[in-house]
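Peer 1: what follows is a protein structure lacking sequence information:
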């Protein structure tokens, strides 16, 4: 009953009109883990509309973020929250019930993984321990 109540709480939150992109990413992953394909798909569809597509990769950023300066020899890394929420979207895409993610989902997931990989620092880590 505790899990059922928690999922009910998450469904209520997911049905709110305006959810932050970070919240949607977490909810999509939670519903993927819970096996709720319908909610997972609805959230992923909504997130796809907010995706930033750049340089053959896909990621998510906080609404209202200032655009980065396009400098030829310097590439800044994204803030840890953006790496984290993008990673949750990737997990939501790859976490599905049998028989597993569809080919198109894997292709989209590879674009997300490409961006996450580009955020690694020289030691192989990221800007956050999360």
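Peer 2: Looks like it came in fine. Owing to the predicted nature of the structure, the values given are computational and were not obtained by experimental measurement.

Peer 1: not counting its neighbours along the chain, what's nearest the residue nearest the centre of the chain?
Peer 2: Centroid-nearest residue in the chain, with CA atoms, centre = their mean: residue 89, separated by 2.2 Å. Using CB to CB, 6 or more residues apart in numbering and skipping the chain neighbours, the partner closest in space to residue 89 is residue 25 (4.9 Å). All C-beta atoms are positioned from the backbone trio N, CA, C, and that covers glycine.

Peer 1: the one you found sits in which helix or strand?
Peer 2: In this structure, residue 25 sits in helix 21-34 according to DSSP states H and E.

Peer 1: strands of the chain, start to end?
Peer 2: In the chain, the segments counted as strands under DSSP state E are 52-54, 57-59.

Peer 1: show me the contacts for the closest residue to residue 108 other than its chain neighbours.
Peer 2: Spatial nearest neighbour of residue 108, excluding adjacent residues (CB to CB, 6+ apart): residue 93 at 6.4 Å. Residue 93 makes contact with 44, 101, 105, 108, 109, 112 under the criterion CB atoms under 8 Å, 6 or more residues apart in numbering.

Peer 1: ok, of these, which come out buried?
Peer 2: The neighbour-count criterion (16 or more other CB atoms under 10 Å) marks 44, 108, 109, 112 among these as buried.

Peer 1: and which of the residues you listed is nearest to residue 78?
Peer 2: Within the buried ones among the contacts of residue 93, the smallest distance to residue 78 is 12.8 Å, found for residue 112 (CB to CB).
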